[in-house]
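J.: The following block contains a protein sequence and its predicted model.
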Amino acid sequence: MDKKINVPLSKEDAANLRTGDYVYLTGTVYTARDAAHKRMAEALEKGEDLPFDVNGNVIYYMGPSPAREGRPIGSAGPTTAGRMDPYAPKLLDLGLRGMIGKGRRTKEVVDAVVRNKAVYFAAVGGAGALLSQCIKSSEVIAYDDLGAEAIRKLYVENFPVIVVIDSEGTNLYDLALEKYKKL
């Protein structure tokens, strides 16, 4: 089912999403990859605030290419989500409501998604140039020294994603594997 949802993501919207839903996000999304996640974890260990309030928000695992003239961002495809798995449960426990990436997640992440009634979306890998057309603004808000891995605040319109793990823990990758085994 196709759904249009505004982000930040409400608890109700997250709870109503089901694995396999096609979703079009409009609103604010933050980007962060490995190095930024490591810094956020270090900040939390020191008792420092994070660069943005994760509560209700969505993190897109992406590092963009440089923007062409007149565009807010370059190619903006997803990166492999598993590299953020050591950090994701803590962020989910702090209120992160959604993640966008590609690839499987660990049991610890799936458990944290369920525990916090969050959601994991997939964006289509290899479609970064097309996805960037849905990004209307991009602003580095933290860790500028990390270059493409800096944390960015994006404003997106009708950004296409697929629900891979819903708030009940149903996992599209597992369902597809079972379906494939039956063939």
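T.: It's in.
J.: residues in contact with the helix or strand of the chain with the lowest mean pLDDT?
T.: Least confident helix or strand of the chain, by mean pLDDT, DSSP states H and E, is helix 172-182 with a mean of 79. Applying Cβ atoms under 8 Å, 6 or more residues apart in numbering, the contact partners of helix 172-182 are 19-20, 104, 122, 162-165. To be clear about C-beta, it is placed using only N, CA and C from the backbone, and glycine gets the same treatment.
J.: Of those, which is the most crowded?
T.: Of all the contacts of helix 172-182, the most densely surrounded is V164 (28 neighbours; neighbours counted as other Cβ atoms under 10 Å).
J.: packing partners for the strand or helix carrying it?
T.: Element membership of V164, judged by DSSP states H and E, is strand 151-165. Under the contact criterion of 3 or more Cβ pairs under 8 Å, 6 or more residues apart in numbering; DSSP states H and E, strand 151-165 touches strand 22-31, strand 119-122, strand 135-142, helix 172-182.
J.: For these, please prepare TSV with the additional fields distance to M62.
T.: Shown next, in TSV, are those (distance: least, Cβ to Cβ, whole Å):
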stretch	distance to M62
strand 22-31	5
strand 119-122	12
strand 135-142	10
helix 172-182	20
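J.: now, of these, which is deepest in the fold?
T.: strand 119-122 (a mean of 25; mean count of other Cβ atoms under 10 Å).
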